[in-house]
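Participant: here is the input, now give the coordinates:
(4 chains, ligands or ions: 6)
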Amino acid sequence: MEKVTMEQLPELFEAIALQYKENADELCKMDSKMGDGDLGLTMKKGFGGLPEIILTMEESDFSKKIRKAGMEMTDLVPSTMGMLMGTGISYGGKALTGKTELDAEGLVLYLEGFAAGIVKRGKCSRGDRTVLDCIGQAGDDARAALNKNQSASLAEVCQAALDGAKKGMEATKSMVPKYGKAAVHANVSQGIADQGATAGLVMIQGMADYILK
Amino acid sequence: MEKVTMEQLPELFEAIALQYKENADELCKMDSKMGDGDLGLTMKKGFGGLPEIILTMEESDFSKKIRKAGMEMTDLVPSTMGMLMGTGISYGGKALTGKTELDAEGLVLYLEGFAAGIVKRGKCSRGDRTVLDCIGQAGDDARAALNKNQSASLAEVCQAALDGAKKGMEATKSMVPKYGKAAVHANVSQGIADQGATAGLVMIQGMADYILK
Amino acid sequence: MKKIMNQAENYTDDMLKGIYAVHGDMVKCAANDLRCYCTAQKVPGKVAIVTGGGNGHLPLFLGYVGDGMLDGCGVGGVFQSPSGKQIYNITREVEAGAGVLYLYGNYTGDVMVFDDAAERCDMDDIETRSIVGADDVNSSADINVRRGVAGIFFMYKAAGAKARAMGDLDAVLAAAQKAKDNTRTVGFALTPCIIPEKGEPNFELGENEMAMGMGIHGEPGIWNGPIKTADEIAKESCDTILKDMPCAEGTEVALLLNGLGSTPLDEQYILCNSVIEYLKTKGVKVYRSWVGEYATSMEMAGASITICKVDDELKGWFDEPVHTPFYTQI
Amino acid sequence: MKKIMNQAENYTDDMLKGIYAVHGDMVKCAANDLRCYCTAQKVPGKVAIVTGGGNGHLPLFLGYVGDGMLDGCGVGGVFQSPSGKQIYNITREVEAGAGVLYLYGNYTGDVMVFDDAAERCDMDDIETRSIVGADDVNSSADINVRRGVAGIFFMYKAAGAKARAMGDLDAVLAAAQKAKDNTRTVGFALTPCIIPEKGEPNFELGENEMAMGMGIHGEPGIWNGPIKTADEIAKESCDTILKDMPCAEGTEVALLLNGLGSTPLDEQYILCNSVIEYLKTKGVKVYRSWVGEYATSMEMAGASITICKVDDELKGWFDEPVHTPFYTQI
Ligand SMILES: Nc1ncnc2c1ncn2[C@@H]1O[C@H](COP(=O)(O)OP(=O)(O)O)[C@@H](O)[C@H]1O
Ligand SMILES: Nc1ncnc2c1ncn2[C@@H]1O[C@H](COP(=O)(O)OP(=O)(O)O)[C@@H](O)[C@H]1O
Ligand SMILES: [Mg+2]
Ligand SMILES: [Mg+2]
Ligand SMILES: [Mg+2]
Ligand SMILES: [Mg+2]
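Facilitator: Ligands and ions are numbered 1, 2, ... in the order given. Now for the predicted structure:
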């Protein structure tokens, strides 16, 4: 797949939703240990709602469609990760201003915008043991792949993003939680990946499922 | 023993208190089944306090001393049976106006007065399955013994009272409870003696322990 | 036993010390006895209203002592009566020349204690009248032997308003009687409470079981069984009340939705909604509702539903402002 | 699960229906959304104060919407944030030309939601300021990441009084900040609560065990162990607070003794007495106390102790009368 068109957007998000459906229990279990146990449910509900939101939305601009969809998602699941992911999508969409489809460069911009949205909403930095460590790394590695080869395909950039997401998630295993309910569990978090970062990887995996299929 | 003197009053009530001490658990158990389970405790506490109350009271009139002691007992244990027994003692004492000691006739008057006090305070009638059925019968039989033999001894009258108390208590086994928390247990009460009547017998038994010893 | 306390035997007195420490501007004790709880704002010439009963039901009973409601309250140990002497001492403190109404719940021990106090007052030429709350429909078919539960709130409110308007003793009694005649309660329990000195639950209910009609000391109700939904509980309770006290279509009622102690306010409002909706289907209109903890059993879970048929006079009494340390209505 | 409710997923909405049915004269919803809870008595020209958070803490948060306190509240599902859109819709409804203060508890999700709403308002040229309650001493050594618990009551009271006196937005924010700077809370739990949709306890504690420092959603505290006496709990809690916020001898404080849901009022007053007595030994004088359920966790047992150092200005704000459907002070 060389690009994701306006018409294909619902399918892209359908693939992500499917990933969350499969990983919901696992995410809940992780969040139970380090937080309040709702993460899988909110991700499933939030991403599960996106295809329908996009399908029924009256909006002809590619970038704006994604922006608005992200905002609607925050209203659907206004938990920490719901806000972060919705804001990320919204900012990712904003970064696509002027585009009419998602190509290789678009994916890089989208992921960088997504990460910027997380920083905006979460007031967090890399290394704080959050979803940002996953998505940020995915964006970095996607950008690096494009820098290395200006004509890299969407698939190539997507593969780089997926590898980066995995790396970023892995890196959280040695980080100390700073935010939210997990902060009080700081001592038991070592060696375990941050649940938000894990949820970030699930999203990138879902995108890759669709783009690389 | 031909009479109980002013000086012997504390000992008389000491004997009653001893009976309640021995029967407290049993009374609590009975009350647990048919009420709130406090009967043994309140009787032990109320009668247990009487010897001291009588000893420390500044009152030189025999009748008034008993009247006041009963009133003080109601303040010490203001539960249903605490009120009834305290009022009974008080009315029993009132019936002894003019006497300076408890003789055979005195015991009859005391028990009749006691029963009248219960009726006054409890607004109950014979047959309502209460402590009245025990004490009332004790008074009746004591009176009958004296009627039969005007020169009956205190011991003879007391024995009649004790027999009457037992009979009265037995009779409650077939009565239906009308008052208090027990009324809602009406169906399970058949064949079991009323706990208040049982407590009444304990009191008469204590008196007999002292008078017949 | 999960109780925040010091020695169990000091439970009631430690509680009272806290109450006097916090509300010392509004209440005081009589006869140097913590358990003789009196208003600190005596109104000369007003009929005084005195209540009392066992502790463990806060804000009942003492919580209603204050402006526009009661003048004194005898505080017994947990689920134990105060003494006649205490009621007498309170009466002496609060009576203000217009006589005293004894208004309390219909429990044998309490009746005896208040009768005893009334006799003592009689010797002092203090005029008293007595009336008991007996609103718990499920406790007996005989209206005269029913237990008094949360519905006494409406009696306090009516009598308090009448007394505040300087009605005489008979008028105050009549106001209480009018509220009583129109008030019915149905309650149910989900979990027991623990009497501090006993240290164990005062009854047992299976996991997911409720007891319909259970009393506020754990007196047995009419059935135990699996918990019903709020809608079902509302229907059953209202049906019981309406059968006992028919309400023609168009009747207006005051509603008291009372939590027994550990039932969240959330659930009380859920049940309240169910009750209001169900009454609507019967053509009964709720004039005003009170939702919250008005008569509890320490940490017992459960609730009670009290309905009082109101006319303009009762509405007026119920709408009167009151101000006590535990209950303020403006 | 012993809950009085209908379908678990309707828990919050059924509760809200009950609340609107009972208090429809004082509150209403915005945008046709039950969860956008607003005062029905808008005051033109007054700074509006909006709060919000997860349901399950009644009377927190919505209970403080009313005269002299707050103007709107976003109601989330049980222990879930409301949405930014809801906060935005509430803000649009209650803003009265003088700007809006967002005053809520310091939980990540809520912070994000209110920030989101503030951005939406910015686009509409509605001026907002934000401040979070973060009074729970045991939740972190870092004062900025502490959780917000019952102490927010004092912030509501201060900001509400200032707004009612027609202070401008910065003045209202400053009042909230002043209350915040002087307020500290320590809480503890004895039993868990049950989230309706989950149907099981949200944590476990052994028989006779308590958890010191536990949060109002069951967040872990600093120790779990056998229940201590009221005196011991009071001492430990006050020591924690006084270490974090030293109070010189002669300091006057406001005291909020808050029950978490199923702790009887009796025990709250017992603990209050212990706290007042202990503070006395430290030369700290309690100016005024509030005892009762101000911020709960449904049927969780336990309590919290909040101390706010007061000067004449704070005293004035705290003594101001307020009137909401859930809290009236005259
Ligand atoms: N301030 C923050 N900035 C970015 N990410 C955050 C922040 N706080 C928490 N997170 C992420 O959110 C995850 C928890 O999400 P979620 O379960 O929705 O939180 P909660 O249930 O505590 O509101 C964490 O694992 C972390 O990755
Ligand atoms: N009105 C009454 N008149 C006489 N006796 C009564 C009356 N009501 C109850 N009793 C007696 O009191 C007994 C219960 O006493 P007690 O345990 O003190 O009552 P409670 O704990 O319910 O207040 C009953 O068994 C009965 O004998
Ligand atoms: Mg979570
Ligand atoms: Mg008993
Ligand atoms: Mg409670
Ligand atoms: Mg409660």
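Participant: in what helix or strand does residue 92 lie?
Facilitator: Answering for chain A, as no chain was given. Using DSSP states H and E, the element containing A:G92 is helix A:80-94.
Participant: looking at chain C here, not the other one
Facilitator: Counting by DSSP H and E, C:R92 is found in helix C:84-94.
Participant: just confirm yes or no for the next helix or strand after that helix near ligand 2.
Facilitator: Counting by DSSP H and E, the next helix or strand C-terminal to helix C:84-94 is strand C:100-105. No - applying Cβ under 6 Å from any ligand atom, one finds strand C:100-105 separated from ligand 2 by no less than 12.2 Å. Using the backbone N, CA and C atoms, a C-beta is placed for each residue, glycine as well.
Participant: let me see the mean pLDDT of strand C:100-105.
Facilitator: The average pLDDT for strand C:100-105 rounds to 98.
Participant: are the helix holding A:G92 and ligand 1 in contact anywhere?
Facilitator: Yes - using Cβ under 6 Å from any ligand atom, helix A:80-94 reaches ligand 1 at A:T80, A:M81, A:L84.
Participant: ok so, going back, list of residues touching the helix holding C:R92?
Facilitator: B:74-75, B:78, B:83, C:30-31, C:33, C:35-39, C:42, C:48, C:50, C:52, C:71-75, C:100, C:102, C:112-117, C:120-121, C:124, C:126, C:128 (Cβ atoms under 8 Å, 6 or more residues apart in numbering or on different chains).
Participant: give me the subset of the residues you listed touching ligand 4.
Facilitator: When Cβ under 5 Å from the ion is applied, no member of the contacts of helix C:84-94 is adjacent to ligand 4.
Participant: would a markdown table of the residues of helix A:80-94 next to ligand 1 with neighbour count, pLDDT and distance to C:A303 be doable?
Facilitator: Formatted as a markdown table, the residues of helix A:80-94 next to ligand 1 follow (neighbours: other Cβ atoms under 10 Å in any protein chain shown; pLDDT from 0 to 100; distance: Cβ to Cβ, whole Å):
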| residue | neighbour count | pLDDT | distance to C:A303 |
| --- | --- | --- | --- |
| A:T80 | 30 | 95 | 35 |
| A:M81 | 29 | 96 | 37 |
| A:L84 | 29 | 98 | 40 |
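Participant: which neighbouring elements make contact with the host helix or strand of C:E313?
Facilitator: C:E313 belongs to helix C:312-319 when assigned by DSSP H and E. Applying 3 or more Cβ pairs under 8 Å, 6 or more residues apart in numbering or on different chains; DSSP states H and E, one finds that helix C:312-319 makes contact with helix C:152-164, helix C:169-181, strand C:252-259, strand C:285-292.
Participant: can the last one be said to contact chain D?
Facilitator: Yes - remark: strand C:285-292 sits within contact range of chain D at C:V286, C:S289, C:V291, by Cβ under 8 Å from any Cβ of the partner chain.
Participant: show me what that strand is packed against.
Facilitator: strand C:252-259, helix C:265-281, helix C:312-319, helix D:11-23.
Participant: got the buried residues for the following helix or strand past the last one?
Facilitator: Counting by DSSP H and E, the element after helix D:11-23 in chain order, helix or strand, is strand D:27-29. By neighbour count, with 16 or more other Cβ atoms under 10 Å in any protein chain shown as the criterion, the buried positions of strand D:27-29 are D:V27, D:C29.
Participant: please apply the same query to stretch C:163-179.
Facilitator: C:A163, C:R164, C:G167, C:L169, C:V172, C:L173, C:A174, C:A175, C:A176, C:Q177, C:K178, C:A179.
Participant: quick check, it touching chain D?
Facilitator: No - Stretch C:163-179 lies out of reach of chain D by Cβ under 8 Å from any Cβ, never closer than 15.7 Å.
Participant: who wins for neighbours among the residues of strand C:285-292 next to chain D?
Facilitator: C:V291 (25 neighbours; other Cβ atoms under 10 Å in any protein chain shown).
Participant: hey, what's the closest residue to it other than its chain neighbours bridged with?
Facilitator: Spatial nearest neighbour of C:V291, excluding adjacent residues (Cβ to Cβ, 6 or more residues apart in numbering or on different chains): C:L257 at 4.5 Å. Beta-bridge pairing for C:L257 (DSSP bridges): C:V291, C:I305.
Participant: and C:L257, what does it touch?
Facilitator: C:L257 touches C:268-269, C:271-272, C:275, C:289-292, C:303-306, counting by Cβ under 8 Å, 6+ apart.
Participant: can you rerun that using 10 Å?
Facilitator: Contacts for C:L257 were tallied using Cβ atoms under 10 Å, 6 or more residues apart in numbering or on different chains; they are C:150, C:234, C:265, C:267-276, C:289-292, C:294, C:303-306, D:18, D:22.
Participant: how close does it get to D:L60?
Facilitator: Counting by Cβ to Cβ, to the nearest Å, the gap from C:L257 to D:L60 is 20 Å.
Participant: could the helices and strands packed on helix C:312-319 go into CSV alongside mean pLDDT?
Facilitator: Shown next, in CSV, are the helices and strands packed on helix C:312-319 (pLDDT from 0 to 100):
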stretch, mean pLDDT
helix C:152-164, 98
helix C:169-181, 98
strand C:252-259, 98
strand C:285-292, 98
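Participant: can you list the ones you listed in CSV and add distance to ligand 4?
Facilitator: Below are the helices and strands packed on helix C:312-319 laid out as CSV (distance: least, Cβ to the ion, whole Å):
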stretch, distance to ligand 4
helix C:152-164, 22
helix C:169-181, 26
strand C:252-259, 25
strand C:285-292, 31
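Participant: which one, of the ones you listed, ends up nearest to ligand 3?
Facilitator: Set against ligand 3 and scored by Cβ to the ion, those come closest in strand C:252-259, at 30.0 Å.
Participant: how far off centre is the closest one?
Facilitator: 13 Å (Cα atoms, centre = their mean, to the nearest Å).
Participant: that's a strand at C:P44, yeah?
Facilitator: No - remark: C:P44 does not belong to a strand; assigned using DSSP: H, G, I helix; E, B strand; the rest coil, it is coil.
Participant: in contact with it, which residues?
Facilitator: Contacts of C:P44 by Cβ under 10 Å, 6+ apart are C:A96, C:G97, C:A98.
Participant: look up how far ligand 4 lies from it.
Facilitator: The gap separating C:P44 from ligand 4 is 41 Å, by Cβ to the ion, to the nearest Å.
Participant: can you check what pLDDT the model gives that residue?
Facilitator: 98.
Participant: and A:A182, by the same measure?
Facilitator: 65.
Participant: related to what we said a few turns ago, what subset of the contacts of helix C:84-94 is buried?
Facilitator: B:74-75, B:78, B:83, C:30, C:33, C:35-39, C:48, C:50, C:52, C:71-75, C:100, C:102, C:112-117, C:120-121, C:126, C:128.
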